[in-house]
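[1] structure, please.
(chains A, B, C and D)
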Protein chains: 2
Amino acid sequence: MTNSPSIGQAFTALSDATRREVFELVAERPRAVGELAAQVPVSRPAVSQHLRVLKEAGLVEDEAVGARRIYKLHPEGIAELRSYLDGFWSRSLRAFKAVAEAGDKEDR
Amino acid sequence: MTNSPSIGQAFTALSDATRREVFELVAERPRAVGELAAQVPVSRPAVSQHLRVLKEAGLVEDEAVGARRIYKLHPEGIAELRSYLDGFWSRSLRAFKAVAEAGDKEDR
DNA sequence: AAGGTGAGTTAGTCATTGCTTACCGTAAGT
DNA sequence: ACTTACGGTAAGCAATGACTAACTCACCTT
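    Numbers count the residues shown, from 1 in each chain, chains lettered A, B, ... in the order given. Modelled structure (predicted):
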């Protein structure tokens, strides 16, 4: 229960293509902002803004190293999202199957 | 090796709060458009548009029943997204741990 | 101490999108 | 056939958001 970011924030964060790209680069290995900006077709401030969204969603964290800031994954936030999704899919599909079986019954 | 194109659509589809609400209603049990619109604080055409986004993302499917259209989950699309995400989280966290261990080594 | 480099913030622009109202096609009942 | 119910589509509007350029601050050289 640290700063439990809403699930909506995580979806929103990952719904933008550029932001997903940044996130995947960070996932490969920790990187500084300038390095990320070099791999992506937008300016450095834009990357900075994307990183802020990802950070507020609990998906990445940053660490100051001299004048640079190194961004890396925030595994706890990711695990949290992951387990939420697992529950979400299970619930949904369970309900779906329940309805399907009830439908079978009626059809007979 | 970025995204399979539909992954972004799925995230986008689920990033909107109203659309998540519609999706969860459909997940509970199949429903007609008007029924969904009655449960949600937006107009029927708005729900129609949300349903189209969800459908294009492969999350729901529809079936004509008389003059009504019944929307239900599209379990194959959901399973696809789910397994993509599982792979994604595993890859990411594996890379994260690899970096963490390499860092330990250097620190010694 | 001074210049250079790395990064977050602000202001402003332009495109996207979520919403509503109005309209149109289709199915079903009388 | 007419009418009513259901739902998708179109046009238009307001709000959100992704981006850039310009600024400022912090750190790291020399």
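
[2] is the longest helix along chain A anywhere near chain B?
    Counting residues, the longest helix found in chain A (DSSP state H) is helix A:75-107. Yes - judged by C-beta under 8 Å from any C-beta of the partner chain, helix A:75-107 and chain B are in contact via A:75, A:78-79, A:82, A:85, A:89, A:91-93, A:95-96, A:99. Glycine gets a C-beta too; all of them are placed from N, C-alpha and C.

[3] count of neighbours near residue A:12?
    Using other C-beta atoms under 10 Å in any protein chain shown, residue A:12 is surrounded by 20 other residues.

[4] now swap in residue A:60 and tell me
    24.

[5] check residue A:92 too.
    Residue A:92 has 20 neighbours, counted by other C-beta under 10 Å.

[6] pLDDT score for it?
    pLDDT recorded at residue A:92 is 78.

[7] enumerate the residues of chain A near DNA strand D.
    A:12, A:15-16, A:18, A:41-43, A:45-46, A:49-50, A:53, A:64, A:66-67 (C-beta under 7 Å from any atom of the strand).

[8] spit out the contact partners of residue A:14.
    For residue A:14, the contact set (C-beta atoms under 8 Å, 6 or more residues apart in numbering or on different chains) comprises A:20, A:23, A:57, A:59, B:11, B:15.

[9] which PyMOL command selects the buried ones in the residues of helix A:75-107 next to chain B?
    Only the buried entries of those go into this PyMOL selection, using 16 or more other C-beta atoms under 10 Å in any protein chain shown:
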select buried, chain A and resi 75+78+82+85+89+92+93+95+96+99
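
[10] so residue A:13 sits right up against residue A:59, yeah?
    Yes - using C-beta atoms under 8 Å, residue A:13 is in contact with residue A:59, at 6.0 Å.

[11] report the set of residues contacting both of the two.
    residue A:23.

[12] hmm, whichever strand or helix holds residue A:9 in reach of DNA strand C?
    Secondary-structure assignment from DSSP states H and E places residue A:9 in helix A:7-15. No - taking C-beta under 7 Å from any atom of the strand as the criterion, helix A:7-15 and DNA strand C are apart, separated by no less than 8.5 Å.

[13] ok, then the element right after that helix?
    Counting by DSSP H and E, what follows helix A:7-15 is helix A:17-28.

[14] pairing partners for the helix or strand that that next one is followed by, with directions?
    Heading C-terminal from helix A:17-28, the first helix or strand you meet, by DSSP H and E, is strand A:31-32. In the sheet, strand A:31-32 lines up against strand A:68-73 (antiparallel) (DSSP bridges).
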